[in-house]
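Student: Got a sequence here, can you build the structure:
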Amino acid sequence: QVQLVESGGGMVQAGGSLRLSCAASGRTFSTYAMGWFRQAPGKEREFVAALRWRRWSGDSTDYADSVKGRFTISRDNAKNTGYLQMNSLKPEDTAVYYCAAKDGLGSRELHAYNYWGQGTQVTVSS
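Tutor: Numbers count the residues shown, from 1 in each chain. Got it, this is the predicted structure:
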């Protein structure tokens, strides 16, 4: 079992940056694959980024095309915390952001993840 708590959301102007954190408790976080998803009002939850994408490749990463080059997923195993660094934010990035964890490799499929945080709101103004 692992419990996840996100933080770091807020309101920022377009072009700005935010860093989201995902604090994990319970089992060792490093044994899980981690993902970030987001859900905008009236839309389905969508994949943003995943860590531990390829077998035998450590913390390899995968990103949605919409955030590639602007967002960076990472984690600090010593702190049992994951991160999503978001740069060059756009109004269309406005959403509730969720971190998630799963056994095995990372995935773009939200239903593959066993554990979810409560979400943190990110609002980007134009």
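
Student: which residues in this protein form helices?
Tutor: Taking DSSP state H, the chain contains no helices at all.

Student: Flag the shaky bits of it, pLDDT-wise.
Tutor: Scanning the chain for pLDDT under 70 picks out 53-58.

Student: What's the local residue count around F71?
Tutor: Counted by other Cβ atoms under 10 Å, the residues lying close to F71 total 21. C-beta here means a position set from N, CA and C on the backbone, and glycine is covered the same way.

Student: how close does the closest residue to it other than its chain neighbours get to A49?
Tutor: Distances taken as Cβ to Cβ, 6 or more residues apart in numbering place M86 nearest to F71, at 5.1 Å, with adjacent residues excluded. Taking Cβ to Cβ, to the nearest Å as the measure, M86 falls 10 Å from A49.

Student: Now for these two: what residues contact both?
Tutor: When contacts are counted by Cβ atoms under 8 Å, 6 or more residues apart in numbering, M86 and A49 have 67, 71 as shared neighbours.

Student: before we move on, the earlier item: so how far is T120 from the residue nearest to F71?
Tutor: 11 Å.

Student: correct me, but T94 touches A40?
Tutor: Yes - between T94 and A40 there is a contact under Cβ atoms under 8 Å: 6.3 Å.

Student: quick one, which of the two is more surrounded?
Tutor: The residue with more neighbours, out of T94 and A40, is T94; 18 against 14, by other Cβ under 10 Å.

Student: dump the residue contacts of that one.
Tutor: 40, 122-124.

Student: Could you give the number of residues near the spatially closest residue to W36 that is not a sequence neighbour?
Tutor: Leaving out its chain neighbours, the residue that sits closest to W36 by Cβ to Cβ, 6+ apart is V48, at 4.3 Å. When neighbours are defined as other Cβ under 10 Å, V48 has 25 of them.
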